[in-house]
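# Below is the structure, and that's it, no one-letter string:
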């Protein structure tokens, strides 16, 4: 009786099981690859599906869901804002999110190396890494602020409650004084204790020039705040500790960091809903004004919020998806994560505005006088609202711990994106030393972030936030969508997805990838240029050199795309047309990262449209004496061993290897 060579499917490829020495799958330890030089360490993978889902959810659900979306919603027509928001999610956010997930999962490669599929566009991956690196620098500073406020909350009386502290100025007006004031008009303004605490105690952004005068601005560096420097160091230590084992360790940390914000939001919403004035705040948040839909600014805000909250073109989606199993249903994951992200934004708005409504009632001010966005909401408006509540330190601890976990999840993915890109680009050199690469990146980014611990730190942070991930992100995503859909080919990309999940994406996704999503991104880009204004913080303008530096920061990333394209074309051999043709042809190494070379050659020479051959036992009954050839592309369809080949094996039947009836089928 013939003994069959057992074949099983393990993670992303078919693995032959040896009887004497089993071969384990990638991701379970530092094993050698079955192909290549023999010195290359196999990439790790997610320990469980939930690790990936929570990591992606934590990456998408960040600080912007809490401090930016609620403000945009009230500003742009309340409930009516959900109309353009959902439209932009449907035709721009979700399709591009799915595209990155599928591309990363198919090749199991980082944001740079994955462009083996289209060498001409390799600069897109470099641009993604630069953008993620710049954002990592200032994003961890915000996490450091959250740590600072968290530590300051462990007290019986919150320090930003009153105006009788050493950092307060004569302009400070306490909450009780506002409520009792009788001269409040429509243009009434004030400086709250929480605002002075943030600016004068935490940031210390007023530089004393002597003679009782002070100045503020990016050009006035002042002194280093060692309190912030230590908080920033702690933030980087936390990030390193959670990522030191790669996705194996971060995948476990997110079970807490990705779920804790939801617990806190639910607690805050329940508590806020029973506060006096909460109803006014929530109505202010959701009351629709459909006349706003005629304003193009509303549609731009909806598109930009969807775009940034899902994290498209940062490289994080590509990097995280690359650790998935090959046959993971990335289509389903894309829908679930995108909807959960947007649902969280809406839900967070109710929790935020219930407290702002309460604060407005306590201060006897209109709600729009206490609403803020960005750092103004997280570190000024909301902290003041917390001081009005009983047991305010407890609520403050919960809120800032929530901000900490929200920020950490996004920071994990952005930093892992950089490390993944480097280790995939230089696998033999760096993959075995990935922890050291991570440590080196943390040290470098920490040192660069020290500029934000000076008295001009807030101005550096705002400049990086304004330029590093602005229109350059839109251009990167636009070129990526055009390159994959039109040059790599929508048919080829759809076939790649079918190879993973068993079916092609429907016409909706194809239409979005090819036309609708690029058109919407082009609209966002043009609108951002038309509406461009230089960076300003708290009414303080930036000098020309700082604006120029910010623009250089923005253009530096996108310039990598044409420069890399020129380099790729120039290094190819042949005439100019031959060089260009090779640059838009998938590299010979392109394909699922763990495919054998034979399978890759079959895929490149035979095309992608022919159906994979799978052995059908019924052909034996039809008298067919020639079994079907093995098609390597059927690796996801469990090709079966054909026992009839034993009958025609020249060795077993006394023939030779030169037997024509045998070799003709090879």
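Arrived safely. Worth saying up front: this structure is predicted, and the values here are computed from it rather than measured.
# Show me which residues of the helix or strand residue 57 falls within are buried.
Counting by DSSP states H and E, the element that carries residue 57 is helix 49-60. Residues of helix 49-60 classed as buried: 51-60 (neighbour count, 16 or more other CB atoms under 10 Å). Any C-beta I mention is one placed from the backbone N, CA and C, and that applies to glycine too.
# what's near enough to touch residue 573?
By CB atoms under 8 Å, 6 or more residues apart in numbering, the contact list for residue 573 reads residue 579.
# Can you tell me the SS state at it?
coil (DSSP: H, G, I helix; E, B strand; the rest coil).
# same check, this time on residue 297
Applying three-state DSSP: residue 297 is helix.
# how close does residue 220 get to residue 129?
Per CB to CB, to the nearest Å, residue 220 is found 32 Å from residue 129.
# Of the two, which one has the most company?
Comparing residue 220 with residue 129 by other CB atoms under 10 Å, the one with more neighbours is residue 129, at 25 against 16.
# What is the distance between the one helix or strand residue 96 maps to and the centre of its chain?
Assigning secondary structure by DSSP H and E places residue 96 in helix 94-107. Relative to its chain's centre, helix 94-107 lies at 12 Å (CA atoms, centre = their mean, to the nearest Å).
# any idea of the mean pLDDT in that helix?
Averaging pLDDT along helix 94-107 gives 96.
# what's the answer for stretch 397-409, then?
The model assigns stretch 397-409 a mean pLDDT of 95.
# which residues of the stretch 351-500 of the chain fall in helices?
375-376, 382-387, 392-425, 427-430, 434-449, 457-467, 471-482, 490-501 (DSSP state H, counting those that start in this stretch).
# So what touches the shortest one?
Translated: helix 375-376. 67, 142, 145, 198.
# Which one among those sits at the bottom for pLDDT?
Lowest pLDDT among the contacts of helix 375-376: residue 67, 84.
# for the contacts of helix 375-376, which one is nearest residue 412?
residue 142 (14.4 Å; CB to CB).
# My guess is that closest one contacts residue 404. True?
No. Look at residue 142 against residue 404 with CB atoms under 8 Å: they stay out of range, at 9.7 Å.
# These two: which has the busier surroundings?
Comparing residue 142 with residue 404 by other CB under 10 Å, the one with more neighbours is residue 142, at 26 against 22.
# which residues touch the more buried one?
So residue 142 contacts 63, 375, 407, 461 (CB under 8 Å, 6+ apart).
# OK, contacts around the residue nearest to residue 129 when sequence neighbours are not counted?
Nearest residue to residue 129, sequence neighbours excluded (CB to CB, 6 or more residues apart in numbering): residue 421, at 5.1 Å. Contacts for residue 421 (CB under 8 Å, 6+ apart) come out as 110-113, 125, 128-129, 315, 319.
# How confident was the prediction at residue 421?
Looking at residue 421, the pLDDT reads 95.
# can you check residue 666 too?
For residue 666, the predicted pLDDT is 36.
# can you count the residues close to residue 390?
6.
# Begin at 49 from now on, thanks
With the count now opening at 49, the last piece we talked about shows up as residue 438.
# For it, what are phi and psi?
Backbone torsions of residue 438, given as degrees, to the nearest 10, read phi -60, psi 150.
# what about it, distance to residue 556?
51 Å.
# With residue 251 instead?
47 Å.
# who's in contact with the helix or strand that contains residue 319?
For residue 319, the host element (DSSP H and E) is helix 308-321. Applying CB under 8 Å, 6+ apart, the contact partners of helix 308-321 are 109, 326, 392, 395-396, 398-399, 402-403, 406, 437, 443, 446-447, 449-450, 453-454.
# what mean pLDDT would you report for stretch 372-385?
95.
# how about that stretch: buried residues?
Buried, per 16+ other CB under 10 Å, within stretch 372-385: 372-379, 381-382, 385.
# what does stretch 294-308 give?
For stretch 294-308, by 16+ other CB under 10 Å, it's 294-296, 298-299, 301-302, 305-306, 308.
# contact partners of stretch 122-129?
Counting by CB under 8 Å, 6+ apart, 120-121, 132, 332-341, 343, 345-346, 349-350, 401, 416, 419 sit against stretch 122-129.
# Over to it now: how far is its first residue from its last?
8 Å (CA to CA, to the nearest Å).
# residue ranges with poor pLDDT in this structure?
The model of the chain has pLDDT under 70 over residues 49-89, 227-237, 421, 641-714.
# ok so, going back, can you name the element that comes right after the helix holding residue 319?
helix 326-334.
# buried sites along that following helix?
Applying 16+ other CB under 10 Å to helix 326-334 flags 326, 328-330, 332-334 as buried.
# so which of these would you say is closest to residue 138?
The closest of those, once distances to residue 138 are taken by CB to CB, is residue 334, at 20.6 Å.
# where along the stretch 149-298 of the chain do the strands fall?
Taking DSSP state E, counting those that start in this stretch to define them, one finds strands in the stretch 149-298 of the chain at 255-258, 261-263.
# okay if I get those strands as CSV plus mean neighbour count and distance to residue 153?
Output for the strands of the stretch 149-298 of the chain, formatted as CSV (neighbours: other CB atoms under 10 Å; distance: least, CB to CB, whole Å):
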stretch, mean neighbour count, distance to residue 153
strand 255-258, 12, 50
strand 261-263, 13, 52
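# want to throw the ones you listed into a markdown table with distance to residue 622?
Shown next, in a markdown table, are those (distance: least, CB to CB, whole Å):
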| stretch | distance to residue 622 |
| --- | --- |
| strand 255-258 | 60 |
| strand 261-263 | 61 |
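# can you pull the contacts of residue 516?
Contact analysis of residue 516 by CB under 8 Å, 6+ apart lists 179, 182-183, 186, 601-602, 605.
# again, only using 7 Å
179, 182-183, 601-602 (CB atoms under 7 Å, 6 or more residues apart in numbering).
# One more: residue 430?
403, 447.
# Got the phi and psi for residue 252?
Torsion angles, degrees, to the nearest 10, at residue 252: phi 50, psi 50.
# surely it meets residue 505?
No. Counting by CB atoms under 7 Å, residue 505 is not a contact partner of residue 252; they are 8.8 Å apart.
# who's more crowded, those two?
Taking neighbours as other CB under 10 Å, residue 252 and residue 505 compare with residue 505 leading, 28 against 19.
# In terms of secondary structure, what does the strand or helix carrying residue 300 contact?
Taking DSSP H and E as the definition, residue 300 sits inside helix 295-305. For helix 295-305, the packing partners by 3 or more CB pairs under 7 Å, 6 or more residues apart in numbering; DSSP states H and E come out as helix 97-108, helix 274-291, helix 440-473.
# so which of those helices gets nearest residue 633?
helix 440-473 (20.2 Å).
# buried set for the closest one?
440-441, 443-473.
# Can you give me the distance of residue 251 to residue 163?
From residue 251 to residue 163 the distance is 41 Å (CB to CB).
# who's more crowded, these two?
Between residue 251 and residue 163, residue 163 has the larger neighbour count (other CB under 10 Å), namely 28 against 25.
# Identify the residues contacting the residue nearest to that one when sequence neighbours are not counted.
In space, and not counting its chain neighbours, residue 163 is closest to residue 170: 4.2 Å by CB to CB, 6+ apart. Shown in contact with residue 170 (CB under 7 Å, 6+ apart): 160, 163, 612, 616.
# Verify the contact between the second one and residue 171 for me.
No. Under the criterion of CB under 7 Å, residue 163 is not in contact with residue 171, lying 8.2 Å apart.
# count of residues packed around residue 91?
24.
# got the contact list for the nearest residue to residue 352 once chain neighbours are set aside?
For residue 352, ignoring the flanking residues on the chain, the nearest one in space by CB to CB, 6+ apart is residue 572 at 6.2 Å. Listed by CB under 7 Å, 6+ apart, the contact set of residue 572 reads 348, 351-352, 522.
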